[in-house]
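Chemist: Sharing a model that was predicted from the sequence below.
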Amino acid sequence: MIPSVNELQLAFQARGYVAGDALATSLRLVVGLGRPLLLEGPAGVGKTEAAKTLAAALGTRLIRLQCYEGLDAQAALYEWNYARQLLHLRAAELRGEGLSDEDLYGEQFLMPRPLLQAIQEPQSAVLLIDEIDRADDAFEAFLLELLAEWQITVPELGTLSAVSRPHVILTSNRSRELSDALRRRCLYHWTEYPTRAQELQIVHSRLPGINETLARQVTDAVHALRALPLGKTPGVAETLDWAAALMTLHADHLDAAALQATLGAVLKLREDQLLAAPTLQAVAAQAQSRG
Amino acid sequence: MAELGPAAPAALSAQVTAFAARLRDRHVFLIGPGEVQTALEALGMVDVLSRREVRAALRSVLAASPEQVRVFDLEFNAFFRTDGHSAPRLPPLLPETPAPAAPGPGGEAGEPGEAAGPPEPGAPAPQATPGEQPGEPGGPPQGQETGDPDSNDHDADAPVIRTQLSPNAAPGAAVHAGEGDLAQLLRAASDLIRALELGRARRLRPMPRGSKLDARRTLHAAARTAGDAVTLRWLGRPRRAPRFLLVLDGSRSMGRDATLLLRFAQALHLRSRRVEVFAFSTGLLRLTPLLRRAAPGQPLDLPDLGVAWGGGTRIGENLLRLARDERGRVDRHTVILILSDGLDTGDPALVARALRDLRRRAAGVVWLSPLAATPGYRPVQRAIAAALPFLDALLPAGGADDLHRLGRRLRAARRAGPTGRGG
């Protein structure tokens, strides 16, 4: 049963993720059409979290492949357990037994990596291919074939077809331009920072015990910071970290002292802290006058 | 929505096909019959009475980049208008016609979208440039989905008009760089690529010969010969191939130099796929997709570059925006080339801050200045003076000759050591 857009939104909300109409529609199509989804957007807007939440909402397993420069198909698909194979070989020699290729290349020596795990999963898993832009062109090209055929050929074993087709989500921070071929095979969604109201909702759902005034002030302050030309713009994770830090210090509103004590939770560069100082002073003064 | 209501399947199919054709023909979206079929299947999975769901579903299938998302939203709102007015003509993502000459003082406007000058108030706006920031006046509304809020439905192109009419906006202009010196510039680009020796990568890779035994692959190979390691496998450190990030000052003060440097950027792009090109004037714009689609050997015609060309200069702001928004494009394999005369009215502290940030992450930062080719030149411009401590080299770029010597000069400058390093 494929959930509707509305049902998906509610399931996400129940898990503390506020998904807008467009994201929920894209995810609905991932499940319904069986097409991969390419999620792009600035760091910290919740791309990876969307895949995790989808797995939780569908009640299925999340399999994650973290991409990096130099990642090859071998590391993403499967490896043979060479050490075990050698031990098996030596033991057989000591026993005076002969071994055939089939004995040495059995499934017991096969170590499945994320892509193979994903197609061997009995129930459709959510396969997160994280930061695909970090992988090389060659790996991206290899992925095209897998995403089209959903089968993997292990020379010693033959072709392994997907037991169930996984729901694939690829994320990218645009550090490298992805090929048109990959983009054409994927649905696409550009994720932006949440609106003020959405972010307030996220804070409340992730930190249920938070004071309403504090939640609103933190959200407002983060939005004021995002308008500045910062080196590292705070994402949703920073908003939550900041609010959690303030709650740990038992602050029920944002004042100059609380702000100073917890600034490192939201601004991680010294230059950003200096640049944002006047804005934060204004935020604290405004909070003080309202408080 | 009237058009996508409980329509007959044939009518719905015809509308989606026409909409897809419009995106393909006018904006060069990569949409084929397969995408149209997927779009129709997608509509079968959402509530076709909900405009937002229909738009989100079609956008997921038909758009493939943030730039396309923005164009898609404008076109969707124009194509599926609810107020019964005829759809305004939007400018194409890529030029359909040869770029017109620079706008005259009268700002003569022809067909909207094909006009050379700035748009008339109230005229359909050209496409938004990627330099716009969410949340800024004129930028798209901030939200989890760009362009999704219904507030955008009835006046989708208004933010773009506001941006273009802002007193800080550059007039924008189409760029025509037709001189036939591409062969010479290609040679200069090759020299530059050869001149950059970034050393060896840290990461060990399987290589035919190397400094370290690859135990895993050797054992793997040995498994085929009953455990005897007959063939040894090696790991080595490959040569680090440079990436280039070119940042071109397209402001008025650069004059003809900007076009020469743009052609050089095109030549470098033709010589290496690992080249990213940005232009800035009052705003920043990524030129790489435009250069990628330009036909080699033909005059270089670029569409109206908006805030990135022909206006004032804001070096610091734009370098900082580059360092923040495009930080993923800069790594220790990247050599940043800034092509600017350094004449800036902005805050030099922003230049220093941006370059400190970029210098930390890049393999090198080189500033090419047309003014530096002038005899007796001293780097006293405020932006250059602020940048100097973070540069590996400040080199002249006054003409084709300087570009030919660039590789040699850069090698010499790197041997001599940096002009200074920022902390």
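Modeler: Perfect, I can see it now.

Chemist: contacts and neighbour counts: CA atoms only from here.
Modeler: Noted.

Chemist: Have a look at chain A and report its longest helix.
Modeler: Secondary structure of chain A per DSSP state H: the longest helix is helix A:270-290.

Chemist: centre of the chain versus that one, how much separation?
Modeler: Centroid displacement of helix A:270-290 relative to its chain, using C-alpha atoms, centre = their mean, to the nearest Å, is 31 Å.

Chemist: How about stretch B:294-314?
Modeler: 11 Å.

Chemist: Pull up the residues of the stretch 51-200 of chain A that are close to chain B.
Modeler: Contact residues (C-alpha under 8 Å from any C-alpha of the partner chain) of the stretch 51-200 of chain A with chain B: A:82, A:85-86, A:89, A:173-176, A:183-184, A:186-195.

Chemist: Which residues are in contact with the residue of the stretch 251-400 of chain B found nearest chain A?
Modeler: Scanning the stretch 251-400 of chain B for the residue nearest chain A gives B:Gly328, at 4.0 Å (criterion: C-alpha to the nearest C-alpha). The contact partners of B:Gly328, by C-alpha atoms under 8 Å, 6 or more residues apart in numbering or on different chains, come to A:173-176.

Chemist: separation between it and B:Val275?
Modeler: Distance, B:Gly328 to B:Val275, using C-alpha to C-alpha, to the nearest Å: 14 Å.

Chemist: ok, then the element right after the helix or strand in which B:Arg360 is found?
Modeler: Secondary structure from DSSP states H and E places B:Arg360 in helix B:348-361. Next along the chain after helix B:348-361, taking DSSP H and E as the criterion, comes strand B:364-369.

Chemist: Are the next helix or strand after that following strand and chain A in contact anywhere?
Modeler: Downstream of strand B:364-369, the first helix or strand assigned by DSSP H and E is helix B:382-387. No: applying C-alpha under 8 Å from any C-alpha, one finds helix B:382-387 separated from chain A by no less than 16.0 Å.

Chemist: Would you indicate which residues of helix B:382-387 are buried?
Modeler: B:382-384, B:386-387 (16 or more other C-alpha atoms under 10 Å in any protein chain shown).

Chemist: Name the residues linked to B:Gly236 by a beta bridge.
Modeler: Under DSSP bridges, the beta-bridge partners of B:Gly236 are B:Arg205.

Chemist: how many neighbours does it have?
Modeler: Neighbour count of B:Gly236, defined by other C-alpha atoms under 10 Å in any protein chain shown: 20.

Chemist: list the contacts for it?
Modeler: B:204-207, B:209-212.

Chemist: Give me the below-cutoff pLDDT ranges for the chain.
Modeler: With no chain named, the answer covers chain A. A:290-291 (pLDDT under 70).

Chemist: Chain B is the one I meant
Modeler: Ranges of chain B meeting pLDDT under 70: B:1-9, B:82-180, B:417-423.

Chemist: Name the nearest residue to the residue nearest the centre of it, sequence neighbours excluded.
Modeler: Among the residues of chain B, B:Arg286 comes closest to the average C-alpha position under C-alpha atoms, centre = their mean, at 1.7 Å. The shortest distance from B:Arg286 to any non-neighbouring residue, by C-alpha to C-alpha, 6 or more residues apart in numbering or on different chains, is to B:Phe278 (4.4 Å).

Chemist: Show me the strands in the stretch 151-291 of chain A, by range?
Modeler: A:151-154, A:158-161, A:167-172, A:187-190 (DSSP state E, counting those that start in this stretch).

Chemist: swap that for the stretch 251-400 of chain B, please
Modeler: Going by DSSP E, counting those that start in this stretch, the stretch 251-400 of chain B shows strands at B:275-280, B:284-286, B:300-302, B:334-339, B:364-369, B:393-396.

Chemist: pretty sure A:Ala243 contacts A:Ala215?
Modeler: Yes: in this structure A:Ala243 lies within contact range of A:Ala215 using C-alpha atoms under 8 Å: 7.0 Å.

Chemist: Which residues are in contact with each of those two?
Modeler: With contacts taken as C-alpha under 8 Å, 6+ apart, A:Ala243 and A:Ala215 have A:Val203 as neighbours in common.

Chemist: circling back to that earlier point, for the helix holding B:Arg360, buried residues please.
Modeler: Residues of helix B:348-361 classed as buried by neighbour count (16+ other C-alpha under 10 Å): B:348, B:350-361.

Chemist: For chain A, which residue gets nearest to chain B?
Modeler: A:Ser175 (4.0 Å).

Chemist: Could you tell me how far the closest residue in space to that residue that isn't next to it in sequence is located from B:Arg361?
Modeler: Spatial nearest neighbour of A:Ser175, chain neighbours left out: B:Gly328 (4.0 Å); criterion: C-alpha to C-alpha, 6+ apart. For B:Gly328, the distance to B:Arg361 equals 10 Å [C-alpha to C-alpha].

Chemist: contacting residues around residue 54?
Modeler: Because you didn't say which chain, this covers chain A. By C-alpha under 8 Å, 6+ apart, the neighbours of A:Leu54 are A:12, A:27, A:126.

Chemist: if you could check chain B rather than the one you did, that'd help
Modeler: B:43, B:46-48.

Chemist: ok, now with 10 Å
Modeler: A:22, A:25, B:1, B:4, B:39, B:42-48, B:60 (C-alpha atoms under 10 Å, 6 or more residues apart in numbering or on different chains).

Chemist: likewise A:Asp101?
Modeler: A:156, B:224.

Chemist: Please determine how far it is located from A:Pro112.
Modeler: When A:Asp101 is compared with A:Pro112 (using C-alpha to C-alpha), they lie 19 Å apart.

Chemist: Skipping adjacent residues, who's closest to A:Tyr82 in space?
Modeler: Using C-alpha to C-alpha, 6+ apart, the nearest residue to A:Tyr82 is B:His220, at 6.2 Å.

Chemist: cool, B:Leu291 as well?
Modeler: Among residues not flanking B:Leu291 along the chain, B:Gln266 sits closest, at 6.2 Å (C-alpha to C-alpha, 6+ apart).

Chemist: swap in A:Leu267?
Modeler: A:Gln273 (6.1 Å).

Chemist: can you pull out the helices in chain B?
Modeler: Under DSSP H, chain B gives helices at B:9-27, B:33-43, B:51-62, B:66-79, B:158-165, B:182-195, B:215-223, B:255-271, B:288-293, B:315-325, B:348-361, B:382-387, B:400-404, B:406-416.

Chemist: ok so A:Leu127 is a strand residue?
Modeler: Yes: the assignment for A:Leu127 by DSSP: H, G, I helix; E, B strand; the rest coil puts it in a strand.

Chemist: Isn't it up against A:Thr171?
Modeler: No: using C-alpha atoms under 10 Å, A:Leu127 is not in contact with A:Thr171, being 11.1 Å away.

Chemist: okay, and the common contacts of the two?
Modeler: Common neighbours of A:Leu127 and A:Thr171 (criterion: C-alpha under 10 Å, 6+ apart): A:Ala51.

Chemist: more neighbours, the two?
Modeler: Per other C-alpha under 10 Å, whichever of A:Leu127 and A:Thr171 has more neighbours is A:Leu127, with 26 against 22.

Chemist: Now for the more buried one: which residues touch it?
Modeler: Counting by C-alpha under 10 Å, 6+ apart, the residues that A:Leu127 touches are A:36, A:51-52, A:55, A:61-65, A:114-115, A:117-119, A:165-170.

Chemist: Quick check: strands, which of those are part of them?
Modeler: Per DSSP state E, strands hold the following members of these: A:62-65, A:167-170.

Chemist: still on that earlier bit, can I get the longest helix of chain A as CSV, trimmed to CA atoms?
Modeler: Presented in CSV, the C-alpha positions along helix A:270-290 are these (Å, rounded to 0.1, in the frame of the first residue of the first chain):
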residue,chain,number,x,y,z
ARG,A,270,35.4,32.8,14.8
GLU,A,271,35.0,35.2,11.8
ASP,A,272,31.3,34.4,11.7
GLN,A,273,31.0,35.1,15.4
LEU,A,274,32.6,38.5,14.9
LEU,A,275,30.6,39.3,11.9
ALA,A,276,27.3,38.3,13.6
ALA,A,277,28.0,40.1,16.9
PRO,A,278,25.9,43.3,16.0
THR,A,279,23.0,41.2,14.8
LEU,A,280,23.1,39.0,17.9
GLN,A,281,23.3,42.0,20.2
ALA,A,282,20.2,43.4,18.5
VAL,A,283,18.4,40.0,18.8
ALA,A,284,19.3,39.8,22.5
ALA,A,285,18.2,43.4,23.1
GLN,A,286,14.9,42.7,21.3
ALA,A,287,14.4,39.5,23.3
GLN,A,288,15.1,41.4,26.6
SER,A,289,12.6,44.2,25.8
ARG,A,290,9.9,41.7,25.0
